[in-house]
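Trainee: only geometry, no sequence info:
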Ligand SMILES: NC(=O)c1ccc[n+]([C@@H]2O[C@H](COP(=O)([O-])OP(=O)(O)OC[C@H]3O[C@@H](n4cnc5c(N)ncnc54)[C@H](O)[C@@H]3O)[C@@H](O)[C@H]2O)c1
Ligand SMILES: NC(=O)c1ccc[n+]([C@@H]2O[C@H](COP(=O)([O-])OP(=O)(O)OC[C@H]3O[C@@H](n4cnc5c(N)ncnc54)[C@H](O)[C@@H]3O)[C@@H](O)[C@H]2O)c1
């Protein structure tokens, strides 16, 4: 199904979309065709939102490509287009707009969550690639009343959570004196908080001559999930280094029990 | 450019791909056409990897759609296809394969990082939607020698980081007695660690009659980024509740200074 709709978003082949929509309807489902290209962002988002608000699985499916194209791919393409310019001027500030729906998950928003947390992944890498050119990339997860949220938020919240309580954070992050890079911030109502990863010390679940088994994983599960003395890793290098440490520890311990842990 | 390549992935229109490739070559760039559909996963991944290993920006661009299609969209489509079956049998275990490249960012892997952290966003929401049907979704970020990594990892690491040191975690997470849901785990070499979000208490950067300004954000920046007494939020509801608390606090304080913080 999604295959056909893709022709739609890309090739403007309305007959392909109609065909899918008719098939869905013939099977008792509900479907809304959309004939806009991704350049017609406004109409596309509106169609997707209207559809999301009313219907379930199938449309959620149909529009998955569109959500990804606008949020994730769109942000990627725009960044890419700006990159060389920023590099040349040795200054750039990129703000990705993620969402608490991606950070924590949110019922009924599988596509949106995926696209929005994808933006954080994109920002994480761009922050590294841009650093030496004074190009910084940060990610915000805002909550504000807007055309997007007024369809799902009660009016008093739409009024209380003003976009003006988000925008100044973006301005600060864009400022040349702001050295923040690769950060993630929740923001709304005039409050701002920063997020980072916390990682458990974890457990080594095999020995030099004891294979790693599902049973060994189960037996060490409490330790794997124990956040006492957790670390706050910031780079992929820290990830590799904990693995190297584990390898040396396993090698040096010789024959250890299957339950050997850090 | 990416538009054209999409025809390629989807419609097997090799002439469209050739056209783009020729355009890139005419401009002095390097490009590799690929004529497989996404169903021909193996060849596609190989082509993408071969290309990634050798060339820069343009191909990175060309194949962005393909990476997203396989990793993110592919996982989405397969999950979707399995969903009703799992729901009916009131049992399901979904494992998304993310990557440290997405979690922390990694130089040269903007697309891959985005797709891979997108999978965590997808898993976060699926974990919530599946809970009442005993469908659990967890995410792993593995490190292992494989066809994928042998092109970029030294041979001794490929040998040391065996896939057998990852697979037992997957088996455990798939087991009916495993109640873990919505988790994220780094795994490799026989070590397993769990990740979660840590959020600073943050700062309120406006008062009832003091607008939020970029200057107020800057003045409170240290507090925004201070992880003393940080919380470990797990749901979007916790995100909303901190915003509501901030609103009440601002309202009740009447005229506070612009620097008022939690
Ligand atoms: N409002 C919230 O509470 C909230 C929460 C989480 C995330 N977000 C994110 O914040 C961002 C802004 O959303 P908003 O709430 O202000 O909604 P909005 O609808 O008011 O703003 C969205 C804007 O994007 C533009 N747009 C849409 N498609 C486009 C395209 N293809 N190309 C260029 N522009 C396009 C629209 O014209 C509109 O101006 C979005 O990324 C949204 O996902 C918002
Ligand atoms: N190996 C690592 O260190 C590492 C690190 C981070 C993430 N990962 C992730 O782990 C997963 C497995 O990778 P690997 O390292 O074992 O590489 P691999 O190349 O050995 O395995 C990839 C598998 O995916 C299959 N595949 C590719 N395209 C497909 C498609 N369209 N449909 C169905 N199957 C398809 C291939 O046939 C192959 O069996 C990937 O998602 C990868 O991104 C691996």
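Mentor: Ah, there it is. Since this is a predicted model, take the numbers as computed values, not measurements. Ligands and ions are numbered 1, 2, ... in the order given.
Trainee: from now on I want contacts and neighbour counts done on CA atoms only, so please keep to that.
Mentor: Fine.
Trainee: disregarding flanking residues, what is the spatial nearest neighbour of residue A:124?
Mentor: Nearest non-adjacent residue to residue A:124, counting by C-alpha to C-alpha, 6 or more residues apart in numbering or on different chains: residue B:105, 4.3 Å away.
Trainee: that neighbour touches residue A:118, doesn't it?
Mentor: No: under the criterion of C-alpha atoms under 8 Å, residue B:105 makes no contact with residue A:118, lying 11.2 Å away.
Trainee: which one's more surrounded, those two?
Mentor: residue A:118 (35 against 29; other C-alpha atoms under 10 Å in any protein chain shown).
Trainee: so which residues of chain A form helices?
Mentor: A:2-11, A:14-26, A:41-54, A:57-62, A:64-67, A:74-89, A:100-104, A:110-130, A:155-160, A:167-174, A:214-219, A:221-224, A:236-253 (DSSP state H).
Trainee: can you pull the contacts of residue A:95?
Mentor: A:137, A:138, A:139, A:140, A:170, A:173, A:174 (C-alpha atoms under 8 Å, 6 or more residues apart in numbering or on different chains).
Trainee: the same query, at a cut-off of 10 Å, please.
Mentor: A:75, A:79, A:119-120, A:123, A:136-140, A:170-171, A:173-174, A:181-184 (C-alpha atoms under 10 Å, 6 or more residues apart in numbering or on different chains).
Trainee: make a ChimeraX selection of whichever of the residues you listed turn out to be buried.
Mentor: Provided next is the ChimeraX selection string for whichever of these are buried by 16 or more other C-alpha atoms under 10 Å in any protein chain shown:
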select /A:75,79,119,120,123,136,137,138,139,140,170,171,173,174,181,182,183,184
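Trainee: so which of the contacts of residue A:95 also contact chain B?
Mentor: A:119, A:120, A:123, A:170, A:171, A:173, A:174, A:182, A:183, A:184 (C-alpha under 10 Å from any C-alpha of the partner chain).
Trainee: quick one: low-confidence parts of the stretch 151-262 of chain A?
Mentor: In the predicted model of the stretch 151-262 of chain A, residues A:254-262 satisfy pLDDT under 70.
Trainee: go again with 50.
Mentor: For the stretch 151-262 of chain A, the stretches flagged by pLDDT under 50 are A:255-262.
Trainee: would you pull up the residue in it closest to ligand 2?
Mentor: residue A:240 (10.1 Å; C-alpha to the nearest ligand atom).
Trainee: how near is that residue to chain B?
Mentor: According to C-alpha to the nearest C-alpha, to the nearest Å, residue A:240 and chain B sit 8 Å apart.
Trainee: wait, doesn't that residue sit right on residue B:99?
Mentor: No: the criterion here is C-alpha atoms under 10 Å, and residue A:240 misses it with residue B:99 at 11.7 Å.
Trainee: of those two, who's got more company?
Mentor: Of the pair residue A:240 and residue B:99, residue B:99 is the one with more neighbours under other C-alpha under 10 Å, namely 27 against 14.
Trainee: okay, the more buried one: pLDDT?
Mentor: With respect to pLDDT, residue B:99 scores 95.
Trainee: find the nearest non-adjacent residue to it, please.
Mentor: Closest to residue B:99 by C-alpha to C-alpha, 6+ apart is residue B:141, at 4.2 Å.
Trainee: returning to that earlier point: wait, what's in contact with the residue nearest to residue A:124?
Mentor: Taking C-alpha under 10 Å, 6+ apart as the test, what residue B:105 contacts is A:120-129, A:182, A:234-236, B:99, B:112-114, B:117.
Trainee: next, residue A:107: phi, psi?
Mentor: With angles defined as degrees, to the nearest 10, residue A:107 sits at phi -50, psi 130.
Trainee: number of nearby residues for it?
Mentor: 15.
Trainee: point me to the residue of the stretch 51-200 of chain A nearest ligand 2.
Mentor: Proximity of the stretch 51-200 of chain A to ligand 2 (C-alpha to the nearest ligand atom) peaks at residue A:121, 13.2 Å away.
Trainee: from memory that residue sits against residue A:183, does it?
Mentor: No: look at residue A:121 against residue A:183 with C-alpha under 10 Å: they stay out of range, at 11.2 Å.
Trainee: between these two, which contacts overlap?
Mentor: A:127, A:139.
Trainee: a markdown table for the ones next to chain B among the contacts of residue A:95, including distance to residue B:215?
Mentor: What follows is those, written out as a markdown table (distance: C-alpha to C-alpha, whole Å):
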| residue | distance to residue B:215 |
| --- | --- |
| A:119 | 27 |
| A:120 | 26 |
| A:123 | 24 |
| A:170 | 12 |
| A:171 | 9 |
| A:173 | 11 |
| A:174 | 12 |
| A:182 | 21 |
| A:183 | 19 |
| A:184 | 19 |
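Trainee: quick check, nearest of the residues you listed to ligand 1?
Mentor: Among the ones next to chain B among the contacts of residue A:95, and counting by C-alpha to the nearest ligand atom, the member closest to ligand 1 is residue A:119, at 9.7 Å.
Trainee: follow-up on the earlier one: the residue of the stretch 151-262 of chain A closest to ligand 2: what's it in contact with?
Mentor: A:246, B:100, B:143, B:188.
Trainee: now for the residues you listed, which pair is the farthest apart?
Mentor: Pairwise distances across those (C-alpha to C-alpha) peak at 16.7 Å, for the pair A:246 and B:100.
Trainee: state the distance from the residue nearest to residue B:99 to residue B:186.
Mentor: 5 Å (C-alpha to C-alpha, to the nearest Å).
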